[in-house]
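> Show me how the following folds:
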Amino acid sequence: MTAGPPSEGRRVLTIAAFAATFMQGVNISIPNAALPHMQGTLSMADDQIGWIFTSYVTAGIVVLPMTRWLAGRFGRKALFQWSIAVFAAGLVFDVLARTSTQFVLARIIQGAASGPLGPLALALLLDVQPPARHAQVGVTHAACTLLGISSGPPLGGWLSDYHGWHSIFYVSLPLVGFVFLAMALWLPEKKAERNPHFDFFGWAAFSLGIVGLQMLLDRGERLEWFAAPEIWVEAIAAALGFYLFVIHVLTAQAHFLDKALFRDRNFVLSVIMVFAAGFVLLPTLALTSPMLEELFGYPVDTTGYMAIPRGVALVGALMLAGRMPARVDNRVPLLIGMALVAYANWRMLGYSPAMDWRPVAIAGLLQGLGLGILLPALGRAAFSTLDRKFHPDGAALFNLSRLYGSTIGIAVVQIFFYGNTQAMHLALAKDLTPYRAAAHGLAQAAGPTLARFNEMVTGQAATVAIIGQFKILMLAVLAVSPLVALLRAPRSANR
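I've put the predicted structure just below:
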């Protein structure tokens, strides 16, 4: 920025950039605690719940790589304002939706508009802050995103319980208005590039693979997998997209991602590990709230409050980790973070309807603490040996991996949950027949009593199945933990 805004404008723009980042994060998770209210209004089946999250995040993943090209083509100020305006339209469409299909389409619009907000906000913060504060700005920006994600459940639970689920989307509109006005009044215009280059073929192949795989996972269980032609189409689209993308990156002169990124061992290993961290981050929220509300009988607002320790621990650990001395071997916080996340998920295996709020709060606090230590350590590992000229593309791929890990994680746990629920129901109910019930002296066993027993069996099967998904999340973290040993130690740690 050649002619920056005055000091007052810098302060306003800094607040606006953090507000946009927070808003992007909070809208990922704010529907979480409000799901029971939303399901009834939108006629949304249980196996469609994950679409609320995956539609938003996947749309953002597809648009995010275009941010630099769009900013160069139309100007950063125009892109920022258009993103905010379309995001606001998505919020309004969320409120107006009357069916699950309409709501998912609204979330796609909202998610697509949110894609550029994170990179634009970070670029703006780096412009208005002095170079000496850039490292702290990066950590604070990441903390703001995670604070938004962590604040969503308690905020959404309270609002939906007292003001209806539509209010969880209205609450973002004042922030949207403030950010839009701040950008309009104080953000200087940057000249658009005359002919900015963008690899449309690489982006299209990448997007085809991402969207095809996500739709396959989201809709496979409902359509009985490859018994439906749609699943075959999505599987072929995903395979073709990823195949063309890999071939294009390896052979094309001007490509979507520079293949030199994949020659850096630390970067590649960190991208794999941050995918696993994302695999745990959102799916835990997607599993916990429905379990507490529908199976354990907790009120919606109480469920939201139970998520507060996780958010506080995550953001607090993230801020402290940003101040870690450079001489500390980065592999130490990586292992500590992974151990805490795995231990937290192990504790979640002990959840039961008879417990009070404390096991949930303790497990959430431990997981938040672990993720808050793990994520910045992964960021340091990813860029510790990567050439600076690859940092912009590396940062985009690193963030994409975390986000896509979350969408894949949600889809995978939903698949296993519904499959295991059916299997567990069959196992528990195989001896529950009118004749056996009558033999045990149960009056009218073939009528209401048997129906009540079936309801109890269904609840027990769902409880066992949903708790079992925490084991998948625990194993995902443990599976990538040996990769820490393959990282090159920072030079400062060897001195």
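
> Return the helix or strand in this protein with minimum mean pLDDT.
helix 491-494 (a mean of 47; mean pLDDT, DSSP states H and E).

> Could you export the host helix or strand of residue 11 as PDB, CA atoms only?
Under the criterion of DSSP states H and E, residue 11 resides in helix 7-29. What follows is helix 7-29, C-alpha atoms only, in PDB (Å, rounded to 0.1, in the frame of the first residue of the first chain):
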ATOM      1  CA  SER A   7      -4.000   6.200  12.000                       C
ATOM      2  CA  GLU A   8      -7.700   6.500  12.900                       C
ATOM      3  CA  GLY A   9      -8.400   4.600   9.600                       C
ATOM      4  CA  ARG A  10      -5.800   2.000  10.400                       C
ATOM      5  CA  ARG A  11      -7.500   1.200  13.800                       C
ATOM      6  CA  VAL A  12     -10.900   1.000  12.200                       C
ATOM      7  CA  LEU A  13      -9.600  -1.300   9.400                       C
ATOM      8  CA  THR A  14      -7.800  -3.500  11.900                       C
ATOM      9  CA  ILE A  15     -11.100  -3.900  13.900                       C
ATOM     10  CA  ALA A  16     -13.000  -4.500  10.700                       C
ATOM     11  CA  ALA A  17     -10.600  -7.100   9.400                       C
ATOM     12  CA  PHE A  18     -10.800  -9.000  12.700                       C
ATOM     13  CA  ALA A  19     -14.600  -8.700  12.700                       C
ATOM     14  CA  ALA A  20     -14.700 -10.200   9.200                       C
ATOM     15  CA  THR A  21     -12.500 -13.100  10.300                       C
ATOM     16  CA  PHE A  22     -14.600 -13.700  13.400                       C
ATOM     17  CA  MET A  23     -17.800 -13.500  11.400                       C
ATOM     18  CA  GLN A  24     -16.500 -16.100   8.900                       C
ATOM     19  CA  GLY A  25     -15.600 -18.500  11.700                       C
ATOM     20  CA  VAL A  26     -18.700 -18.100  13.800                       C
ATOM     21  CA  ASN A  27     -21.000 -18.800  10.800                       C
ATOM     22  CA  ILE A  28     -19.400 -22.200  10.300                       C
ATOM     23  CA  SER A  29     -20.500 -23.500  13.700                       C
END
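
> tell me which strands and helices it is in contact with?
helix 49-63, helix 76-96, helix 100-114, helix 117-128, helix 134-163, helix 173-186, helix 265-290 (3 or more CB pairs under 8 Å, 6 or more residues apart in numbering; DSSP states H and E). Where you see a C-beta, it was placed from the backbone N, CA and C, and this is true even at glycine.

> what helices or strands is the fourth one leaning on?
To tie it back to what came earlier, the one meant is helix 117-128. In terms of contacts (3+ CB pairs under 8 Å, 6+ apart), helix 117-128 is packed against helix 7-29, helix 67-74, helix 76-96, helix 134-163.

> Name the surrounding residues that touch it.
1, 4-5, 10, 13-14, 17-18, 20-21, 23-24, 64, 67-68, 71, 76, 79-80, 83-84, 87, 134, 137-138, 141, 145, 187, 396, 399 (CB atoms under 8 Å, 6 or more residues apart in numbering).

> how about the helices and strands packed on helix 117-128 in a markdown table, adding mean neighbour count?
Below are the helices and strands packed on helix 117-128 laid out as a markdown table (neighbours: other CB atoms under 10 Å):
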| stretch | mean neighbour count |
| --- | --- |
| helix 7-29 | 21 |
| helix 67-74 | 19 |
| helix 76-96 | 20 |
| helix 134-163 | 21 |
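
> Can you flag the weakest of those by average pLDDT?
Looking at those, the lowest mean pLDDT belongs to helix 134-163 (a mean of 80).

> Now do that one: which elements does it pack against?
helix 7-29, helix 117-128, helix 167-170, helix 265-290, helix 300-306, helix 308-321, helix 358-383.

> The nearest residue to residue 157 once chain neighbours are set aside: how many residues sit nearby?
Distances taken as CB to CB, 6 or more residues apart in numbering put residue 304 closest to residue 157, at 2.3 Å, once the chain neighbours are dropped. By other CB atoms under 10 Å, the residues close to residue 304 number 28.

> per-residue confidence for residue 304?
For residue 304, the pLDDT comes out at 78.

> quick one: it from residue 34, how far?
9 Å (CB to CB, to the nearest Å).

> follow-up on the earlier one: closest to residue 409 out of the helices and strands packed on helix 134-163?
helix 265-290 (3.8 Å; CB to CB).

> buried stuff in that closest one?
Neighbour-count burial for helix 265-290 flags 266-271, 273-290 (criterion: 16 or more other CB atoms under 10 Å).

> Run the angle between that helix and helix 49-63 for me.
In terms of direction (axes from the mean of the first three to the mean of the last three CA atoms, to 10 degrees), helix 265-290 departs from helix 49-63 by 150 degrees.

> how about low-confidence regions in this protein?
Residues of the chain meeting the criterion pLDDT under 70: 1-8, 46, 134-135, 190-196, 254-255, 322, 325-326, 425, 428-454, 489-495.

> mind giving me the domain split of it?
Domain ranges of the chain: 1-194, 257-495, per automatic domain parsing.

> The last one: how far from the chain's middle?
The gap between where domain 257-495 is centred and where its chain is centred comes out at 11 Å by CA atoms, centre = their mean, to the nearest Å.

> Check the first one too.
The chain centroid and the centroid of domain 1-194 are separated by 13 Å under CA atoms, centre = their mean.

> on that earlier part again, residues making contact with the helix or strand following the helix holding residue 11?
The helix or strand immediately downstream of helix 7-29 is helix 35-42, counting by DSSP H and E. Helix 35-42 is contacted by residues 31, 44-46, 49, 52, 97-100, 102-103, 160, 164-165, 289-290, 293-294, 300 when judged by CB under 8 Å, 6+ apart.

> give the contact list for the residue nearest to residue 157.
Contacts of residue 304 (CB under 8 Å, 6+ apart): 33, 153-158, 289.

> same deal with residue 214?
Going by CB under 8 Å, 6+ apart, residue 214 touches 54, 58, 407-408, 411.

> any chance of those residues in TSV, with distance to residue 237 and neighbour count too?
Below are the contacts of residue 214 laid out as TSV (distance: CB to CB, whole Å; neighbours: other CB atoms under 10 Å):
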residue	distance to residue 237	neighbour count
54	16	27
58	14	28
407	16	27
408	16	20
411	16	26
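
> Reformat these into a markdown table and put distance to residue 179 next to each item.
A markdown table is the format used below for the contacts of residue 214 (distance: CB to CB, whole Å):
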| residue | distance to residue 179 |
| --- | --- |
| 54 | 25 |
| 58 | 23 |
| 407 | 25 |
| 408 | 30 |
| 411 | 31 |
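
> Report whether the expected contact of residue 345 with residue 471 is present.
Yes - judged on CB atoms under 8 Å, residue 345 makes contact with residue 471 at a distance of 7.4 Å.
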